[in-house]
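> After the sequence you'll find the predicted model.
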Amino acid sequence: MATSSGQEESKKLQLYSYHRSSCSFRVRIALNLKGLDYEYKAVNLLKGEQHSPEYLKVNPIGYVPALVDGDILVSDSFAIVMYLEEKYPQHPLLPRDLGKRALNYQAANIVSASIQPLQNLDVLKYIEEKVGPDAKIPWVQKHINKGFEALEKLLKDHAGKYATGDDVYLADIFLAPQIHGSIQRFNLDMTPFPLLSRLNEAYMQLPAFQDALPQNQPDFPAAT
Ligand SMILES: N[C@@H](CCC(=O)N[C@@H](CS)C(=O)NCC(=O)O)C(=O)O
């Protein structure tokens, strides 16, 4: 039987995720926006579960997220979000206008290709070991600042309530986790980024974004 979201009841989606992972957070937002129910499969990155032989069969590069939809397995948040967009057309994540669509690809890729890879766990461990523990946060902040400066300039003439107008699209799905993590994890000063700060406030009003927050995931550590 198919549900109103187009999902077959017998084939619930499965998402391999880690609560704090910004890449998983993107996919959780997309799933929520599209009203897709899914089973949460926790992969504890701090315990190194992403390197286990079982998980490497799911994603050979050993990163979360990965999505299982029946007999289809997709890894990499960008690929997963595009897959969801094509398979489940409800709540489109891309605008029809080609220029606006390209802007969404560009903003999403600044986050996914030019910011997040430089703050990945593997990279931070390397910097900590080879350069020193004190080098880690300045390194991350330098690269986030560079990306955020570009995003502020890129979006300033296009933003409405959200990054590329008054509807939530792909760019927002990538921006929200990056901004959230930059503040919470890397203590980034957001003063130079008034537009991104305003967008962050707007995202936090939306249930699809709130429900995808790290603290609302089943693998978020319980308070002791
Ligand atoms: N381009 C990939 C990057 C995936 C990625 O870097 N995932 C991080 C969490 S956000 C991870 O699994 N890191 C584990 C590690 O570095 O060992 C995507 O967008 O899914």
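Alright, I've got the coordinates. Computed from a predicted model, the values in this text were never measured in an experiment.
> Correct me if wrong: Pro192 contacts Lys153.
No - judged on Cβ atoms under 8 Å, Pro192 makes no contact with Lys153 at a distance of 11.7 Å. Placement of C-beta: from N, CA and C, glycine included.
> Find residues that contact each of these two.
Common neighbours of Pro192 and Lys153 are not found (criterion: Cβ atoms under 8 Å, 6 or more residues apart in numbering).
> Could you list the contact residues of the protein toward the ligand?
21-23, 45, 50, 63-65, 76-78, 112, 120-122 (Cβ under 6 Å from any ligand atom).
> any idea which of those residues has the most stuff around it?
Ser77 (29 neighbours; other Cβ atoms under 10 Å).
> was I right about that one contacting Ser112?
Yes - in this structure, Ser77 is within contact of Ser112 by Cβ under 8 Å, at 6.7 Å.
> In PDB, list the C-alpha atoms belonging to the worst-scoring helix or strand of the chain on mean pLDDT.
Across the helices and strands of the chain, mean confidence by mean pLDDT, DSSP states H and E is lowest for helix 121-130: a mean of 95. Output of helix 121-130 as PDB, limited to C-alpha atoms (Å, rounded to 0.1, in the frame of the first residue of the first chain):
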ATOM      1  CA  LEU A 121      36.500  14.600  11.800                       C
ATOM      2  CA  ASP A 122      39.300  12.900   9.800                       C
ATOM      3  CA  VAL A 123      40.800  16.300   8.800                       C
ATOM      4  CA  LEU A 124      40.500  17.700  12.300                       C
ATOM      5  CA  LYS A 125      42.300  14.600  13.800                       C
ATOM      6  CA  TYR A 126      45.100  15.100  11.300                       C
ATOM      7  CA  ILE A 127      45.500  18.800  12.100                       C
ATOM      8  CA  GLU A 128      45.400  18.000  15.900                       C
ATOM      9  CA  GLU A 129      48.100  15.300  15.500                       C
ATOM     10  CA  LYS A 130      50.400  16.900  12.900                       C
END
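> angle of the helix or strand following it against helix 121-130?
Helices and strands here follow DSSP states H and E; after helix 121-130, the next one along the chain is helix 136-155. Following axes from the mean of the first three to the mean of the last three Cα atoms, to 10 degrees, one obtains 140 degrees for the angle between helix 136-155 and helix 121-130.
> If you count contacts, what does helix 136-155 end up packed against?
Here helix 136-155 touches helix 98-109, helix 121-130, helix 170-184, helix 194-203, going by 3 or more Cβ pairs under 8 Å, 6 or more residues apart in numbering; DSSP states H and E.
> I appreciate the help and will end here.
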